[in-house]
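**Student:** Need coordinates for the below:
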Amino acid sequence: MTSTTALSGPFQVTVQPSGRSFQVEADETVLAAAIRQGVGLPYGCKDGACGSCKCRKLEGSVTHRAHQSKALNAEEEAAGYVLTCSATAQTDLVLESRQVTDESAFPIRKMPSRVQGLEKVSHDVMIVRMQLPANDVMRYHAGQYVEFILRDGDRRSYSMANAPHTMMRSEAGAPAVPVIELHIRHMPGGKFTDHVFTAMKEKEILRLEGPYGSFFLREDSDKPMILLASGTGFAPIKAVIEHMQSKGITRPATLYWGGRRPADLYLHEWVRQRCAEMPNLRYVPVVSHALPEDNWTGRTGFVHKAVLEDVPDLSGHQVYACGAPVVVDSARSDYTALAQLPPEEFFADAFTTEADKHLG
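**Tutor:** Numbers count the residues shown, from 1 in each chain. Have a look, this model is predicted:
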């Protein structure tokens, strides 16, 4: 280590086993520095709420900004784990993270976007299609997300639900323009989602920034996959399925999609059609709180437990999980502890709300 006494920075961060390194300023988080320099560390919410960026510190010293204990508890911190989204370096650092890749680091850009279409697909889910600038098309991986930058500077994050190859769309003979699809769930009282469901109009202009996130298909593996989604956590999974179909990826994949009521599986028929076209794709819809009038005859219970019932040994699988933090956290814990899933084969994007981010 070369900078063990000075606290002014910048400090050197080396990531093992890849050997990638980058500089971090004294007043910025490790993750922010990695994103700024195109180093693909794993992350999700960027707010100390989801734990997706947690990794082992092999050498050096950090201090953590405010974060949730469920993302990093005191025992984990004492054992040398860090949250890169909340950690600031006090010395040079050596971290262990097996998800560092060059390919994940597409440029992050701010851009204007225009509402092209609004489609209400259930009582609380709106599909919003946003037209992006055509002169410099954003590049992203299926599974990544963008952030809306609101007028007061607040941000709201949503995954792209369409794969990159489907971006260019045209209507009524007009020239093709890049369009991303977002699945937005109404959170009553939510500053942004109340607007989406009550006042948003086509042609409205909003500012976006992206792409963000380390959730995308690892194509260097041939392991069978579990695709686990709850609610609108289906959005990035949909993009991954489109990507698989376009690329001719034939690894076995089983989608488990959970909702409280059948209507929460708002693109149920879309999934069934993909299964008809993709022999490698299976679909297991799971409903936790069906009512008699739903006439639901499929699987019931909690979606992450349905996976354990069907595949009690996940040691040879990869899992891609998206949705509510309680679902993602439970899946991560149970699959590694009970089903022998290697921790490095669990890839997740927890959909933290503003309320989630401010829980203690």
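**Student:** just how off-centre is the lengthiest strand in the chain within its chain?
**Tutor:** When the chain is parsed with DSSP state E, its longest strand is strand 109-122. Here the centre of strand 109-122 is set off from its chain's centre by 18 Å, with CA atoms, centre = their mean, to the nearest Å.
**Student:** Can you name the element that comes right after it?
**Tutor:** Going down the chain from strand 109-122, the next helix or strand is strand 125-131, by DSSP states H and E.
**Student:** who touches that following strand?
**Tutor:** With contacts defined as CB atoms under 8 Å, 6 or more residues apart in numbering, strand 125-131 is touched by 113-121, 161, 177-186, 196-197, 200, 206, 208, 231-232, 264, 266. C-betas here are computed from N, CA, C, even on glycine.
**Student:** now do stretch 273-286
**Tutor:** Here stretch 273-286 makes contact (CB under 8 Å, 6+ apart) with 241, 244-245, 249-259, 262, 265, 268, 271-272, 298-303, 306, 310.
**Student:** and with 7 Å instead?
**Tutor:** 241, 245, 250-258, 265, 268, 271-272, 298-301, 303, 306 (CB atoms under 7 Å, 6 or more residues apart in numbering).
**Student:** Got a PyMOL select line for the buried ones in those residues?
**Tutor:** Selection command for PyMOL covering only the buried members of the contacts of stretch 273-286, criterion 16 or more other CB atoms under 10 Å:
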select buried, resi 241+245+253+254+255+256+257+258+265+268+271+299+303+306
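**Student:** The longest strand of the chain packs against which elements?
**Tutor:** strand 125-131, strand 205-212 (3 or more CB pairs under 7 Å, 6 or more residues apart in numbering; DSSP states H and E).
**Student:** change it to 10 Å
**Tutor:** If contacts are counted by 3 or more CB pairs under 10 Å, 6 or more residues apart in numbering; DSSP states H and E, strand 109-122 sits against strand 125-131, strand 145-149, strand 177-185, helix 191-198, strand 205-212.
**Student:** re earlier: just the buried members of the contacts of strand 125-131?
**Tutor:** 113-116, 118, 161, 177-186, 196-197, 200, 206, 208, 231-232, 264, 266.
**Student:** Show me the strands in the stretch 1-150 of the chain, by range?
**Tutor:** Using DSSP state E, counting those that start in this stretch, the strands of the stretch 1-150 of the chain run over residues 11-16, 20-24, 54-59, 62-64, 81-83, 87-89, 93-96, 109-122, 125-131, 145-149.
**Student:** Stretch 126-138: how far from the chain's middle?
**Tutor:** 19 Å.
**Student:** my bad, stretch 160-175
**Tutor:** On CA atoms, centre = their mean, the centre of stretch 160-175 falls 22 Å from the chain's centre.
**Student:** Start and end of it, how far apart?
**Tutor:** 22 Å (CA to CA, to the nearest Å).
**Student:** Just the buried positions in that stretch, please.
**Tutor:** For stretch 160-175, the neighbour count (16+ other CB under 10 Å) marks Met160, Ala161, Asn162, Ala163, Pro164, Thr166, Met167, Arg169 as buried.
**Student:** Can you tell me which of those comes closest to Ser97?
**Tutor:** Met160 (24.0 Å; CB to CB).
**Student:** Isn't the closest one up against Pro178?
**Tutor:** No. Met160 is beyond contact range of Pro178, at 11.0 Å (criterion: CB atoms under 10 Å).
**Student:** Any chance you could list residues touching both of these two?
**Tutor:** Common neighbours of Met160 and Pro178, using CB atoms under 10 Å, 6 or more residues apart in numbering, are Met130, Met138, Thr166, Met167.
**Student:** And the last one, what's its pLDDT?
**Tutor:** We note a pLDDT of 95 for Met167 in this prediction.
**Student:** The first one now?
**Tutor:** Confidence at Met130, expressed as pLDDT, is 98.
**Student:** And for the second one?
**Tutor:** pLDDT, Met138: 92.
**Student:** isn't it right next to Val179, touching?
**Tutor:** No. The pair Met138 / Val179 is not scored as a contact, 11.0 Å apart, by CB under 10 Å.
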